[in-house]
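Participant: Fold the stuff below for me.
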Amino acid sequence: MANELQNVRNIGIVAHIDAGKTTTTERILFYTGKIHKHGDVHDGNTTTDFMIQERERGITIQSAAISCEWDGHAINIIDTPGHVDFTMEVERSLRVLDGAVCVFCAVGGVQPQSETVWRQADRYNVPRLAFINKMDRMGADFTRVVGELRDKLHAPACPIELPIGKEEGFTGVIDLLEMKAIVYDEATEGKTFTVGEIPAELKDDAELARAELVEKVADVDEDVMESFLENGDLTKEELIPAIRRATVAGAFVPVLCGTSLRDKGVQPLLDAVCRYLPSPNDRPPVPATDLKTEEKVTRKQEDSELLTSLVFKIATDPYVGKLFFVRVYGGILKKGANAYNPRTKKRERIMKIVRLFADDQIEVDELHAGDIGAIVGLKEVTTGDTLCAEMKPCYLERIVAPQPVMFMAIEPKSSADKDKLVESMKALAAEDPTCQFREDEETGQTILSGMGELHLEILVDRLKREFKCAANTGKPMVSYAETVTAPAVTEFTFDRELGGKRHAVTLKIEVKPLERGAGTKVSLARDFVNLVPEKALQQCVQQGLEDGISTGVLARYPMTDLEVNCLGATLVDPEISDEVAFRSAAMMGFREAAEQAKAEFLEPIMKLEITTPPESVGEILGDLNARRGNVQNMDMKGDMQIINARVPLASMFGYSTAIRSLTKGRASYSMETDQFEIAPKNVREEILSK
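Facilitator: Residues are numbered from 1 along each chain as shown. Okay, here's the model as predicted:
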């Protein structure tokens, strides 16, 4: 395995569902010699889709880490899910990766989840390659998809390859740097190929594409501009480092093509990963926060740095227990050493370190800067925790999980299984931050929340199969949220006798709305802190406000998009104004202020893309209107009509059956969460009447 940091590539394979991520990963492992026979998604025998639920459904549910080697480079790959319900897996993978291969279907083009993963990569400034897959499919159109990359994603995309042939006649690619044709031999599963002259009928197209490539590279790289102005062209030796510099800077996205299922175009993709995507030391120093001073600091991605690493995922292995996936940014993580967790302010002993090969592990003694691996045996670590050197502790930015949009009631089959169900759900929640559970105070029911119907279905199935914990479940329901629409300030006095002792204090609470998607912000004003310097009492107020936010004021839904501030306090007596009084006054005072601030329900709105034959458009539009849908735009893609709309999630239950009925099974759709919006009056009344 190549150990030099310059020859390490930490990449993710990301895309819309069914674009071919897992198949592409499988072919990469096959051509790098990591596996000797490739599997196929439809046969349920791929390396990275090892969960039984993945193999049954033919989809990726959990991101899988795997390592291989190509041309002297160590490549650590994370294959991610494409289904919207598992977008958190993509989020936390991109958080720790240095580069990404974005796979696009040559027929479907830029689809809704493609846009989502592209925005996620933008958020973390991850350099990308684009691989247009399925060039052998009927309706494949390389030029159209490149246009969509530029128009829909505003990507600086430029082909470095052209396809030879199309649909069933697709045989290989034209390398625009070498100006050679690469034709693959299907009989050897693409292992052998011939490199020759470009077919005469494609020569002009290749010359034009090469000229465009050279011009775009010169536009974004000053180092080669002078050579371009003098010669009107660039050599391969000039182009490769210039494309690399531009790709690492995010100013250029190389576009390649192929068909992974038919074993064409994957080796040049591997070459491009090694040539153009960054190594860990090509990336800027990692920003962190000093634990003691709260000042911003940076950590270089070098072994000589102090240990700085991030736990980005937790998984349960049936043989070794919990696996804590970790990315080492600085220093060396050593077996037998201690690492410090700034969140818990405790040391963690590193008992065992493994490198990952899907569901298999290889034990190692250490992980270096830039490495991705897993630790076994940590005690109090959660997703997003930093493990660092205790002598100078710092913490990295945590991974933020999206808010669940759906929930269901869940209960054990028998009362004897109640504790086992709770422990099993705790294990699932530790693995997946978008899986949440709570007990409803009024009904006593346990509520399981997730990102959609499929997500909840998978969670319940995992409880049954992995944790041997059968459960009865209710019908999935929409997880509404609550917010405020106006500012309000209230002074609330809590004065009660509990257990023969009086507890009393008055708190001044301010609540005001924030923009949609901003989350919640809880703070204590300086006047309050000066009046109440005791940390324990301040924490009680903080906890009381957070409790009020989590339980809402209208119908027990959690609140969001608001700011709450404790402005001041009136103390009665130190014996009476105790922790119980402060916490209770904070929670009840928040609720009173939130009610005065014109509380409203928020409902999740989904982005919906429907692909349908033109003759079914009328029926679909009528159905969308009945579901409170709002059509954004319509476009033709080949002989199919594309409808983009925004629809409340509450209206989308059973939509797969409805659309099959409306179009005789000829239409398909994909859906992802857009944002939460204030629910209309009739929906509010319906929720309150339940």
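
Participant: Can you find the helix or strand in this protein with the smallest mean pLDDT?
Facilitator: Within the chain, no helix or strand scores below helix 52-57, which has a mean of 46 by mean pLDDT, DSSP states H and E.

Participant: in its sheet, what does the helix or strand just after that helix sit against?
Facilitator: Counting by DSSP states H and E, the next helix or strand C-terminal to helix 52-57 is strand 64-70. The pairing partners recorded for strand 64-70 under DSSP bridges are strand 73-79 (antiparallel).

Participant: State the mean pLDDT of the strand it pairs with.
Facilitator: What strand 73-79 shows for mean pLDDT is 84.

Participant: same check, this time on stretch 536-551
Facilitator: 93.

Participant: Name the spans of the stretch 401-550 of the chain whose pLDDT lies under the cut-off.
Facilitator: For the stretch 401-550 of the chain, applying pLDDT under 70 flags the ranges 440-444.

Participant: so what's the closest residue to residue 376 other than its chain neighbours up against?
Facilitator: Nearest residue to residue 376 in three dimensions, chain neighbours excluded: residue 352, at 4.0 Å (Cβ to Cβ, 6 or more residues apart in numbering). C-beta: built from backbone N, CA, C; applies to glycine. Counting by Cβ atoms under 8 Å, 6 or more residues apart in numbering, residue 352 touches 320, 335, 363, 375, 376, 377.

Participant: try 7 Å
Facilitator: With contacts defined as Cβ atoms under 7 Å, 6 or more residues apart in numbering, residue 352 is in contact with 335, 363, 376, 377.

Participant: can you check residue 374 too?
Facilitator: Counting by Cβ under 7 Å, 6+ apart, residue 374 has contacts 323, 324, 325, 326, 354, 356, 361.

Participant: And the closest residue in space to the fifth one that isn't next to it in sequence, how far from residue 325?
Facilitator: Yep, that's residue 354 we're talking about. Ranked by Cβ to Cβ, 6+ apart and with sequence neighbours excluded, the top spatial neighbour of residue 354 is residue 361, at 3.7 Å. Look at residue 361 and residue 325: by Cβ to Cβ, to the nearest Å, they are 11 Å apart.

Participant: go on, residue 99?
Facilitator: 18 Å.

Participant: backbone phi and psi for the residue nearest the centre of the chain, please?
Facilitator: Among the residues of the chain, the one closest to the centroid is residue 91, at 2.1 Å (Cα atoms, centre = their mean). Note on residue 91: backbone dihedrals following degrees, to the nearest 10 are phi -60, psi -50.

Participant: List the buried residues of the helix or strand that residue 328 is a member of.
Facilitator: Taking DSSP H and E as the definition, one finds residue 328 inside strand 321-330. Residues of strand 321-330 classed as buried: 322, 323, 324, 325, 326, 327, 328, 329, 330 (neighbour count, 16 or more other Cβ atoms under 10 Å).

Participant: thought the second one was touching residue 317?
Facilitator: Yes: at 5.3 Å, residue 323 and residue 317 qualify as touching, with contact defined as Cβ atoms under 7 Å.

Participant: before we move on, the earlier item: in contact with the residue nearest to the centre of the chain, which residues?
Facilitator: Counted by Cβ under 7 Å, 6+ apart, residue 91 has contacts 120, 399.

Participant: how near is it to residue 381?
Facilitator: The value you get for residue 91 to residue 381, if Cβ to Cβ is used, is 19 Å.

Participant: what's the closest non-adjacent residue to residue 239?
Facilitator: In space, residue 239 is closest to residue 177, 5.5 Å off (Cβ to Cβ, 6+ apart).

Participant: three-state assignment of that neighbour?
Facilitator: coil (DSSP: H, G, I helix; E, B strand; the rest coil).

Participant: mind showing which ranges of the stretch 101-250 of the chain have poor pLDDT?
Facilitator: In the stretch 101-250 of the chain (pLDDT under 70), no residue qualifies.

Participant: for it, what spans make up the strands?
Facilitator: In the stretch 101-250 of the chain, strands defined by DSSP state E, counting those that start in this stretch lie at 128-133, 157-159, 161-164, 172-175, 180-184, 193-196, listed in chain order.

Participant: follow-up on the earlier one: what strands flank whichever helix or strand comes after the strand holding residue 328, and is each parallel or antiparallel?
Facilitator: Next along the chain after strand 321-330, taking DSSP H and E as the criterion, comes strand 333-334. Strand 333-334 has the following sheet partners, assigned by DSSP bridges: strand 366-367 (antiparallel).

Participant: Return the distance of the helix or strand following the strand it pairs with from the chain's centre.
Facilitator: Downstream of strand 366-367, the next assigned helix or strand under DSSP H and E is strand 372-376. Distance of strand 372-376 from the chain centroid (Cα atoms, centre = their mean, to the nearest Å) equals 20 Å.

Participant: Given strand 372-376, what are its sheet partners and their directions?
Facilitator: Strand 372-376 is paired, per DSSP bridges, with strand 321-330 (antiparallel), strand 352-357 (antiparallel).

Participant: I'd like the C-alpha coordinates of the shortest one written as CSV, please.
Facilitator: Right, strand 352-357. The C-alpha coordinates for strand 352-357 follow below in CSV (Å, rounded to 0.1, in the frame of the first residue of the first chain):
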residue,chain,number,x,y,z
LYS,A,352,-8.0,-1.7,18.4
ILE,A,353,-7.7,0.1,15.0
VAL,A,354,-8.9,-1.5,11.7
ARG,A,355,-8.8,-0.6,8.0
LEU,A,356,-12.1,-1.3,6.3
PHE,A,357,-13.0,-3.4,3.4
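
Participant: coming back round to it: work out for me the element the residue nearest to residue 354 sits within.
Facilitator: Assigned by DSSP H and E, residue 361 falls in strand 360-364.

Participant: Then residue 425?
Facilitator: Assessed by DSSP H and E, residue 425 sits inside helix 418-431.

Participant: List the buried residues for that helix?
Facilitator: 420, 421, 424, 425, 427, 428, 429, 430, 431.

Participant: one step back: could you dump the strand holding residue 328 to PDB, C-alpha only?
Facilitator: Extracted C-alpha coordinates of strand 321-330, given in PDB (Å, rounded to 0.1, in the frame of the first residue of the first chain):
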ATOM      1  CA  GLY A 321     -19.400  -4.600  18.500                       C
ATOM      2  CA  LYS A 322     -19.400  -0.800  17.700                       C
ATOM      3  CA  LEU A 323     -17.100   0.400  14.900                       C
ATOM      4  CA  PHE A 324     -16.200   4.200  15.100                       C
ATOM      5  CA  PHE A 325     -15.300   5.400  11.700                       C
ATOM      6  CA  VAL A 326     -12.600   8.100  12.000                       C
ATOM      7  CA  ARG A 327     -10.800  10.500   9.600                       C
ATOM      8  CA  VAL A 328      -7.400  11.500  10.900                       C
ATOM      9  CA  TYR A 329      -6.600  15.100   9.900                       C
ATOM     10  CA  GLY A 330      -3.400  15.700  11.800                       C
END
